[in-house]
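Undergrad: Here is the input, now give the coordinates:
(2 chains)
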Amino acid sequence: DAKTTQPPSMDCAEGRAANLPCNHSTISGNEYVYWYRQIHSQGPQYIIHGLKNNETNEMASLIITEDRKSSTLILPHATLRDTAVYYCIVRYSSASKIIFGSGTRLSIRP
Amino acid sequence: GAVVSQHPSRVICKSGTSVKIECRSLDFQATTMFWYRQFPKQSLMLMATSNEGSKATYEQGVEKDKFLINHASLTLSTLTVTSAHPEDSSFYICSAIEVPEAFFGQGTRLTVV
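TA: Down below sits the predicted model:
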């Protein structure tokens, strides 16, 4: 699986959009981009995934660049409950194992 | 959405004893489950892939005789930490996939004293 690079930490004001970047320059054509988050002392939670097109669901939006070498997770209106570590992962298929990188620790300030 | 239940959520055991952690997929069948370990302020580290009806596949550096995995049914995988030592104290998390998402248990915090 391709490796990802994320900033170790970010912060965002409550109510603002949080934009979390991820680089995956070695991604191959059939690898998906997945995002998960882990709130302290809990198991990771699925957020969103995509292959080529931008995706949106009730939690977030995923913007994938045209060359697919990077992506951005957008939390449109961050709340204090969005404080967590966010992991960007690329996988060959939706059934394959998930290898976690170091993620981005997102802090939301009131 | 699908739910993965892990039990117990917290356990304290004495050095030298064994501890069993259960992972259940509550509303779907999972032929494959994954076990992770997480130390404080670190990321999740994949330990092994649990396959229903066959032997688990362990990641490099993980002792299969120490971390026994059994996946006897399509909804249950167990991880047994044998002869536990204080350095085995960690947060253990299981995962099961219902395509296209992976669902994670709430984790088990193991403390070996």
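Undergrad: In a helix, A:Arg81, correct?
TA: Yes - judged by DSSP: H, G, I helix; E, B strand; the rest coil, A:Arg81 forms part of a helix.
Undergrad: near chain A, which residues of chain B?
TA: Proximity of chain B to chain A, by C-beta under 8 Å from any C-beta of the partner chain, involves residues B:4, B:6, B:32, B:34, B:36, B:43-46, B:49, B:91, B:93, B:95, B:97, B:99-107, B:109. No exception for glycine: its C-beta is placed from N, CA and C like everyone else's.
Undergrad: For the chain, which segments count as strands?
TA: In the absence of a named chain, this looks at chain A. A:9-13, A:18-23, A:32-38, A:45-50, A:55-56, A:61-64, A:70-75, A:84-91, A:104-109 (DSSP state E).
Undergrad: wait, I meant chain B there
TA: Assigned by DSSP E, chain B shows strands spanning B:4-7, B:10-13, B:19-25, B:32-38, B:45-51, B:57-58, B:67-73, B:76-81, B:90-98, B:101-104, B:108-112.
Undergrad: rank those by pLDDT, which is bottom?
TA: Note on the strands of chain B: lowest mean pLDDT is at strand B:101-104, with a mean of 88.
Undergrad: partner strands of it, parallel or antiparallel?
TA: Sheet partners assigned to strand B:101-104 using DSSP bridges are listed as strand B:90-98 (antiparallel).
Undergrad: hmm, who's touching the strand it pairs with?
TA: Strand B:90-98 is contacted by residues A:41, A:43-44, A:94-95, A:98, B:2, B:4, B:6, B:21, B:23, B:25, B:28, B:30, B:32-39, B:44, B:77, B:79, B:81, B:102-105, B:107-110 when judged by C-beta atoms under 8 Å, 6 or more residues apart in numbering or on different chains.
Undergrad: which of those residues are buried?
TA: Buried subset of the contacts of strand B:90-98 (neighbour count, 16 or more other C-beta atoms under 10 Å in any protein chain shown): A:43-44, A:98, B:4, B:6, B:21, B:23, B:25, B:28, B:30, B:32-38, B:44, B:77, B:79, B:81, B:102-105, B:107-108, B:110.
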